[in-house]
Structure formats: structure tokens, C-alpha cells
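K.L.:
pasting the structure only:
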């Protein structure tokens with residue numbers, strides 16, 4: 001997985017536990033899981049998004065100066 005061996009993954013896990021604490025890890029994991037779920041559902045709901053800007057309609061009687 002991304003060229004990381006078990007030793008590197010263990011070191012990364014230890015650093016995360018030290019930074020966030022063991023009690024907050026389930027909260028962080030839950031938040032990441034919900035974010036991924038919402039992202040996937042958002043992509044599947046909207047397959048196309050129109051991002052072209054609407055042209056301004058100018059009255060024929062007005063002139064730009």
C-alpha cells in the first residue's frame with residue numbers, strides 16, 4: 001500500500017495516537033467515514049453540474065459607455 005511496510009505504518013499509527021490521544025481516535029475515524037460517505041453520495045447524485053456563467057441580458061435601448 002503506497003510502498004509503506006508494516007514498520008512505517010506502525011510508526012505513523014504511534015504518531016497519530018500521541019498527537020490525538022487514544023480516546024479521540026474513534027471520533028476522528030467516524031468523522032472521516034461520514035465525510036467519505038457524503039462525498040460518494042454527492043458524486044452519485046449529481047453526475048453533471050453546469051458551471052457555465054449566465055450571460056447578462058442588456059436592454060437594446062441601453063448602451064455601454
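P.N.:
Received the coordinates, thanks. What you see is a predicted model; the values in this text were computed from it and never measured. Numbering: from 1, shown residues only.
K.L.:
and the host helix or strand of residue 28, what other elements does it pack with?
P.N.:
Element membership for residue 28, per DSSP states H and E: helix 25-45. Here helix 25-45 touches helix 6-20, going by 3 or more Cβ pairs under 8 Å, 6 or more residues apart in numbering; DSSP states H and E. (C-beta placed from N, C-alpha, C; glycine too.)
K.L.:
still on that earlier bit, quick one: the helix holding residue 28 to chain centroid distance?
P.N.:
Put simply, helix 25-45 sits 9 Å off its chain's centre (Cα atoms, centre = their mean, to the nearest Å).
K.L.:
ditto for stretch 4-11
P.N.:
Distance of stretch 4-11 from its chain centroid, counting by Cα atoms, centre = their mean, is 25 Å.
K.L.:
repeat for stretch 18-29
P.N.:
Put simply, stretch 18-29 sits 20 Å off its chain's centre (Cα atoms, centre = their mean).
K.L.:
so how far is the first residue of that stretch from its last?
P.N.:
One end of stretch 18-29 sits 16 Å from the other (Cα to Cα, to the nearest Å).
K.L.:
could you check the angle helix 6-20 makes with the helix or strand of the chain with the lowest mean pLDDT?
P.N.:
Lowest on mean pLDDT, DSSP states H and E among the helices and strands of the chain sits helix 25-45, with a mean of 87. Using axes from the mean of the first three to the mean of the last three Cα atoms, to 10 degrees, the inter-axis angle of helix 25-45 relative to helix 6-20 is 100 degrees.
K.L.:
contacts for helix 25-45, please.
P.N.:
By Cβ atoms under 8 Å, 6 or more residues apart in numbering, the residues outside helix 25-45 that reach it are 16-17, 20.
K.L.:
all set now, cheers.
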